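Undergrad: Here is a sequence with its predicted model. Questions after.
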Amino acid sequence: MSNRAIATPTKTREILKKYGFSFKKSLGQNFLVDVNILKNIIEHAGIDKEAGAIEIGPGIGALTEQLAIHAKDVVAFEIDQRLLPILDDTLGEYGNVSIINEDILKADVQKVIEEKFQPGQPVHVVANLPYYITTPILMKLLMARLPISSLTVMIQKEVADRMAASPNSKSYGSLSIAVQYYTEARVVMNVPKTVFQPQPNVDSAVLHLQMRKEPPVQVEDEDFFFDVTKATFGQRRKTLMNNLARHFKGTYEKEELRERLDDIGIDPKRRGESLSMEEFARLANRLYSK
């Protein structure tokens, strides 16, 4: 491959034509064709010459190439076998890149980190994620408590907004709580549809998730905490009391729920979207101890 960056419309077309590659809608393939946006993503991710980078869905290697230039080591998970010969070609000159032909949802990422990176090396996840499977991928990586410093991902704007949302906003929900339990989340840039080939139907944004050393709240049981959170957003327009009564039917009588909410000073008429993470933790802990 020539030294021209992969992430341009012309170069991308040239590579796709050379290999007769056709996009698979089922894999959510949208390739980035703007080098400046990729460099911005890498800057927001805090990648430097000491860092290790994990990429998910490298496609034809547009972001991978920029990671290879800026990071010490790069590991990319690619599920589509048809892309392996293309990546061999486009990234051939970079000796610091390993491509793993595996589904990230099934991969043992902890083992890969131990094998591919140095002990103590800062590792960052940087990826243009397939939109249809963004949440399962991110939640798998967060819940596995991997030794990673941050995740910087290009995802659907609406989902990025939900993950970074604050209480009392339309986007705030159980997903905001789940993501912010593990990370400090912020949307660092919005990205127009025009910088992708093919163009997606939705707007995109780059979300930066800085891993927390400790969760911001203490909970008796994490699964129960997330379960309670989800329950309170079961029907957004309903009160806390109604959603909890529906979810815990057969476990708690309404009167018991009311007493427990009173104990922790939370008005049963409030809605889930008005509760802070601290309040959710108090609620879950009070309901957990029967």
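TA: Right, received. Where do you want to start?

Undergrad: buried stuff in stretch 136-155?
TA: Buried residues in stretch 136-155, counted by 16 or more other C-beta atoms under 10 Å: 137-138, 141-142, 146-148, 150-155. (Each C-beta comes from the backbone N, C-alpha and C, glycine too.)

Undergrad: From start to finish, how long is that stretch in a straight line?
TA: This stretch, stretch 136-155, spans 13 Å end to end (C-alpha to C-alpha, to the nearest Å).

Undergrad: neighbouring contacts of that stretch?
TA: Stretch 136-155 has contacts (C-beta atoms under 8 Å, 6 or more residues apart in numbering) with 32, 41, 44-46, 54, 56, 104-105, 109-110, 113, 122-129, 131, 134, 163, 178-179, 182-183, 188, 191, 204-211.

Undergrad: and it, average pLDDT?
TA: Model confidence over stretch 136-155, given as mean pLDDT, is 97.

Undergrad: picking up where we left off before, just the ones of the buried residues of stretch 136-155 in helices?
TA: 137-138, 141-142 (DSSP state H).

Undergrad: quick one: which of these is nearest residue 170?
TA: residue 138 (20.8 Å; C-beta to C-beta).

Undergrad: Just the buried subset of the contacts of stretch 136-155, written out for ChimeraX, thanks.
TA: Command for ChimeraX that selects the buried part of the contacts of stretch 136-155, burial taken from 16+ other C-beta under 10 Å:
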select :32,41,44,45,54,56,104,109,113,122,123,124,125,126,127,128,129,131,134,163,178,179,182,183,188,191,204,205,206,207,208,209,211
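
Undergrad: Mind checking what secondary structure residue 54 has?
TA: strand (DSSP: H, G, I helix; E, B strand; the rest coil).
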